[in-house]
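Engineer: with the input below, show me the fold.
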Amino acid sequence: MEEAQELAALACRLLLGLMFLRSSVAKLLDARDFEFTVSRYEVLPARLVRPVGRWIPRVELFVAVMLLAGVGTRFAALVVAALLAVFAAAIAINLLRGRSIDCGCHSSTAPEQIHWRLVGRDLGLAFAATFVAYAAPVVLSVDGAVSADASVPNSDAFAVLVAASTLYLGAVLIREARVLRSGAARLAEPSGGRS
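Structural biologist: Numbers count the residues shown, from 1 in each chain. So this is what the prediction gives:
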């Protein structure tokens, strides 16, 4: 069973690496369009849109190369899981707001409108990335070539990072739910002077 788990984790590691490589290259090639897409989500303060729009593709490229090479697999997989959770939350927030925008998943050459299946897909991929972090496959990896028991960064520190990110996302979702509830309450109020 352990060998099957290692192979499944290897397949997930390579699949996630390839997906993030493709996504990051497309975003880097059309950086301004991706920054515009980030702004359309309307979940960040305006001053953060440009830096986030610039850094997401770079981080995606970095972790994609790490996953494909099998270097720092646990760290890379946890970063991927956190990114996917953030993407799922941003899409869900906009769907709950009733918005229909391009997801920005790959590039403007392959636009895709946000929908609930994307939220499910991103959460499923986040689960796969978490599995890769847990299994940390060393087959076909630099980590495995260096040592069968390759040392990796302290997983407890990264667990804290993931937990903090999850708490932050939860706070954002609660805030957005309050905004939606207050907006719905204003819509339900009778308009001034009309019957």
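Engineer: so who does the residue most central in space within the chain touch?
Structural biologist: Nearest to the mean C-alpha position of the chain, by C-alpha atoms, centre = their mean, lies L84 at 2.0 Å. Contacts for L84 (C-beta atoms under 8 Å, 6 or more residues apart in numbering) come out as 122-123, 125-126, 129. Using the backbone N, CA and C atoms, a C-beta is placed for each residue, glycine as well.
Engineer: of those residues, closest to F75?
Structural biologist: A129 (11.3 Å; C-beta to C-beta).
Engineer: need the per-residue pLDDT for the closest one.
Structural biologist: On the pLDDT scale, A129 is placed at 96.
Engineer: one more: the one 3 residues further on?
Structural biologist: The confidence metric pLDDT takes the value 94 at V132.
Engineer: ramachandran angles for it?
Structural biologist: Per-residue torsions, V132: phi -60, psi -40 (degrees, to the nearest 10).
Engineer: name the nearest residue to it, ignoring sequence neighbours.
Structural biologist: Take V132 and drop its neighbours on the chain: the residue closest to it by C-beta to C-beta, 6 or more residues apart in numbering is A77, 4.0 Å away.
Engineer: what's the helix or strand for the one you found?
Structural biologist: In this structure, A77 sits in helix 73-96 according to DSSP states H and E.
Engineer: same question for P137.
Structural biologist: Secondary structure assigned from DSSP H and E places P137 in neither a helix nor a strand.
Engineer: which residues touch it?
Structural biologist: Per C-beta under 8 Å, 6+ apart, neighbours of P137: 6-7, 9-10, 13, 70, 73, 144.
Engineer: filter those down to the buried ones.
Structural biologist: Buried members of those, counted by 16 or more other C-beta atoms under 10 Å: 9-10, 13, 70, 73, 144.
Engineer: of those residues, closest to P51?
Structural biologist: Distances from P51 to these, taken by C-beta to C-beta, are shortest for T73, at 27.2 Å.
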